[in-house]
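**Student:** Sequence first, then the predicted structure:
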Amino acid sequence: MSIEFHGEQLSVPEPTNQKSTYRFGLYELDAGTGELRKDGKLRPRVQGQPLEVLLHLLARPGDVVTREELRQQLWPADTFVDYDHSLNTAVNKLRDALSDSAENPRFIQTIPRRGYRFIASVEVVADGAARSAESKQSAAVGPETSATVSSGNRNFVLSDSHDLPDAPRGVVKTLFSLIQVMYLSFYIASLALLHWVEPVLSQAVQHPKWLFGLLLVTALAGIPVRLYLLSAAILGYRGLPAKFSRLFPFVLPLDELWALAPFLLVEQIGIGLALAATAGLVYLPFSQRSLMLMGQGNAKP
């Protein structure tokens, strides 16, 4: 809004309605108390500067809120503080509270050297009356971000983080680590038994040298990948879900190839068990992806 002062129009920020409730994604925020809920479940309260930043972004979904605007709103002109550091800290706390990430944002998008944009659709409930404040999904948002936040562009095959329940971090960490150990065992056992694997392949296919070479190369490539993912899970690397999401297109063909590993033991376990084990291994890379998405909801220990 604006007011007239000595004949000049001065811009004054719209006051935040402290009685409002904002709904976005699976979240609901009480503007007055900072109470945050996800899918109806109470989450840690958002308070102080992170709450103020979030309210300013929610009031203008789809618009770029500059760092200077936020500085003027959060800190008076005579306040001596490292604005950049304090603002970065507040935004990082918000992303932790919303299980969001700067690399793959679902809510808060960083506009380099300018500010931030709230990219999800927002519903505002004020005094019992709901109104819809849709985000402006324009070309400025970018095709990748639009695909992330637009429900119309969601993948109908692969699960989305909104589709999956939250899971305790310890459970996600344990299951994900066990999967990596299993793949490491496959690779190491196959390399250790090369003298036995080669004749098995010779009996099973017409051109065993090509398959043998592929097995050797993928095993050698897979070992460092599994060691990285295993150490990242055990040590609790920040942003592991986003990193695994970027690795997934490369991990998927590797895992699908090694889903055929049970057929190396077909003489010992039989064709039926080999088929059953292969079917399970075909699904396993997708289960890893789901585990990472489920762990996003409980990013804190």
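**Tutor:** All right, it came through fine.
**Student:** any idea which element residue 91 lies in?
**Tutor:** Counting by DSSP states H and E, the element that carries residue 91 is helix 83-97.
**Student:** List the buried residues for the helix or strand just after that helix?
**Tutor:** For helix 83-97, the succeeding helix or strand toward the C-terminus, using DSSP H and E, is strand 108-111. Of the residues in strand 108-111, those scored as buried under the neighbour-count criterion (16 or more other C-beta atoms under 10 Å) are 108, 109. Glycine gets a C-beta too; all of them are placed from N, C-alpha and C.
**Student:** Note down every partner strand of strand 108-111 and its orientation.
**Tutor:** In the sheet containing strand 108-111, its partner strands are strand 115-118 (antiparallel), by DSSP bridges.
**Student:** Would you mind listing the buried residues in stretch 234-244?
**Tutor:** Of the residues in stretch 234-244, those buried (16+ other C-beta under 10 Å) are 240, 241, 242, 243, 244.
**Student:** Now do the helix or strand hosting the third one: everything it contacts.
**Tutor:** Pointing back at residue 242 there. With elements delineated by DSSP H and E, residue 242 resides in helix 240-258, which encompasses its position. Helix 240-258 is contacted from outside by 101, 103-104, 183, 186-187, 214, 218, 221-222, 225, 229, 232-233, 237, 281-282, 284-285, 288-289, 292-293, 295-296, using C-beta atoms under 8 Å, 6 or more residues apart in numbering.
**Student:** Just checking the distance from that helix to the centre of its chain.
**Tutor:** Between the mean C-alpha location of helix 240-258 and the chain-wide mean there is a distance of 14 Å, by C-alpha atoms, centre = their mean, to the nearest Å.
**Student:** Could you do stretch 261-273 as well?
**Tutor:** Using C-alpha atoms, centre = their mean, we find the averaged C-alpha position of stretch 261-273 to lie 37 Å away from the chain's own average C-alpha position.
**Student:** again with stretch 94-105
**Tutor:** Worked out by C-alpha atoms, centre = their mean, stretch 94-105 lies 8 Å from the chain centre.
**Student:** So for it, what gets flagged as buried?
**Tutor:** When burial is assessed from 16+ other C-beta under 10 Å, stretch 94-105 yields the following buried residues: 94, 95, 97, 98, 99, 100, 101, 104, 105.
**Student:** how close does the first one get to residue 173?
**Tutor:** Spelled out, it's residue 94. Between residue 94 and residue 173 the computed distance is 24 Å (C-beta to C-beta, to the nearest Å).
**Student:** now the stretch 151-300 of the chain, which segments are flagged as low pLDDT?
**Tutor:** Applying pLDDT under 70 to the stretch 151-300 of the chain flags residues 151-164, 196-198, 200-212, 266, 295-300.
**Student:** hmm, 50 instead?
**Tutor:** Screening the stretch 151-300 of the chain residue by residue with the criterion pLDDT under 50, one finds the ranges 151-156, 298-300.
**Student:** Could I get the full set of helices for it?
**Tutor:** Along the stretch 151-300 of the chain, counting by DSSP state H, counting those that start in this stretch, helices occupy 169-192, 194-204, 208-235, 240-258, 266-269, 271-296.
**Student:** Nearest to residue 54, out of those helices?
**Tutor:** Judged by C-beta to C-beta, the one of the helices of the stretch 151-300 of the chain that comes nearest to residue 54 is helix 271-296, at 18.2 Å.
**Student:** What are the buried residues along the closest one?
**Tutor:** In terms of neighbour count (16+ other C-beta under 10 Å), helix 271-296 has its buried residues at 274, 277-278, 281, 284-285, 288-296.
**Student:** Show me which pair in the residues you listed is furthest apart.
**Tutor:** Using C-beta to C-beta, these reach their maximum pairwise distance at 274 and 296, which is 35.0 Å.
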